[in-house]
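Q: Predicted structure and sequence below. I'll ask about it afterward.
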Amino acid sequence: MGLIAQLLITALDIYIYIIIANVIISWLIVFDVVNIRNPKAANLICLLEKVTDPVYKPLRKYIPPIGGIDLTPIIIIFGIYLLQNIILRLLVY
């Protein structure tokens, strides 16, 4: 049980880093630092969107962008931390 919980927590940590990378790449696109016409950049953006969009889309139905800022990644990261905390508490008891 402990190994499975640790693997799940590690996978959730990796997913948090993927979400942060997606947010940073989106900022770099907005500030025109990354050219989306570059094939390597386009592949990276496509990969990050394929990984994060299945989690983002259901929440975006209920949480619209506020002032042009998408709050979905913040809510998902908060939810992941909550889930990790629940897993750790179940592991201790």
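A: Looks like it came in fine. Keep in mind the model is a prediction, meaning the values are calculated, not measured. Residues are numbered from 1 along each chain as shown.
Q: drop to CA atoms for contacts and neighbour counts, all remaining ones
A: Fine.
Q: Okay, now the unreliable bits of the chain?
A: Under the criterion of pLDDT under 70, none of the chain is flagged as low confidence.
Q: Give me the most central residue, it.
A: Ranked by distance to the mean C-alpha position of the chain (Cα atoms, centre = their mean), the top residue is Ile19 at 2.5 Å.
Q: for it, what are its contacts?
A: Taking Cα atoms under 8 Å, 6 or more residues apart in numbering as the criterion, Ile19 is in contact with 52, 73, 77.
Q: which one of those residues is nearest Leu28?
A: Pro73 (16.1 Å; Cα to Cα).
Q: count of neighbours near the closest one?
A: As a burial measure, Pro73 scores 18 neighbours (other Cα atoms under 10 Å).
Q: Among the contacts of Ile19, which lie within helices?
A: When DSSP state H defines the helices, the subset of these inside them is 52, 73, 77.
Q: how about the first one, what does it touch?
A: It stands for Thr52. Contacts of Thr52 were listed using Cα under 8 Å, 6+ apart, and they are 18-19.
Q: how close does it sit to Arg60?
A: When Cα to Cα, to the nearest Å is the yardstick, Thr52 and Arg60 sit 12 Å from each other.
Q: coming back round to it: what separation is there between the residue nearest to the centre of the chain and Leu28?
A: Using Cα to Cα, one gets 14 Å for the distance from Ile19 to Leu28.
Q: now Tyr93
A: Using Cα to Cα, we find Tyr93 at a distance of 44 Å from Leu28.
Q: And the longest helix seen in the chain, what's buried?
A: Counting residues, the longest helix found in the chain (DSSP H) is helix 2-30. Buried residues in helix 2-30, counted by 16 or more other Cα atoms under 10 Å: 9, 12-13, 15-16, 18-19, 22-23, 25.
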